[in-house]
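Trainee: below: sequence and its predicted model.
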Amino acid sequence: MRVVTTTIMKDESAEFVERWAYSALDSDERVLVDTGTTQTEGLTCARDLGVTVHEISVQPWRFDDARNAAMSLLPECDVVITLDVDEILMPGWRASLESEPAGRR
């Protein structure tokens, strides 16, 4: 099962990016889509942690449009986990996901 964890962000702190990225380490790929950050510390942090970073512009800003644009950038996978950058996955999340029957995911 190929799992991708993704988030969108704009002007978030490196602290939030780091917490999010570490919590998703068990993903096959982590993807952060930036929607116009002017403070680059979070982007630098993500790249340093091996996160795939895409930079896009969404004008006028709408959360649903930004999320849809981000989803279109994801690699092929079986499961997508979408979090806000200030949210984290709990330890053991991957084992729990893989133990669920396919119809319950």
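Mentor: The structure has been received and is ready for your questions. Numbers count the residues shown, from 1 in each chain.
Trainee: any weak-confidence spans in this structure?
Mentor: For the chain, the stretches flagged by pLDDT under 70 are 102-105.
Trainee: residue boundaries of the strands in the protein?
Mentor: 3-9, 29-34, 52-55, 79-82 (DSSP state E).
Trainee: out of these, which gets nearest to Arg67?
Mentor: strand 3-9 (6.2 Å; Cβ to Cβ). Yep, even glycine has a C-beta here, placed from its N, CA and C like the rest.
Trainee: count the residues that sit near Ser27.
Mentor: 22 (other Cβ atoms under 10 Å).
Trainee: ok, which stretches of the protein are helices?
Mentor: 14-23, 41-48, 63-71, 93-99 (DSSP state H).
Trainee: the nearest residue to Ala14 once chain neighbours are set aside: what's it in contact with?
Mentor: The shortest distance from Ala14 to any non-neighbouring residue, by Cβ to Cβ, 6 or more residues apart in numbering, is to Cys45 (3.9 Å). Residues near Cys45 by Cβ atoms under 8 Å, 6 or more residues apart in numbering: Ala14, Val17, Glu18, Ala21.
Trainee: state the distance from Cys45 to Met1.
Mentor: Between Cys45 and Met1 the distance is 28 Å, computed by Cβ to Cβ, to the nearest Å.
Trainee: and Gln39, by the same measure?
Mentor: 35 Å.
Trainee: report the buried residues of stretch 36-45.
Mentor: By 16 or more other Cβ atoms under 10 Å, the buried positions in stretch 36-45 come out as Gly42, Leu43, Cys45.
Trainee: as a markdown table, those with distance to Glu100 would be great.
Mentor: A markdown table is the format used below for the buried residues of stretch 36-45 (distance: Cβ to Cβ, whole Å):
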| residue | distance to Glu100 |
| --- | --- |
| Gly42 | 32 |
| Leu43 | 33 |
| Cys45 | 32 |
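Trainee: tell me the one of those residues nearest Asp28?
Mentor: Comparing the buried residues of stretch 36-45 against Asp28 with Cβ to Cβ picks out Cys45 as the nearest, at 20.5 Å.
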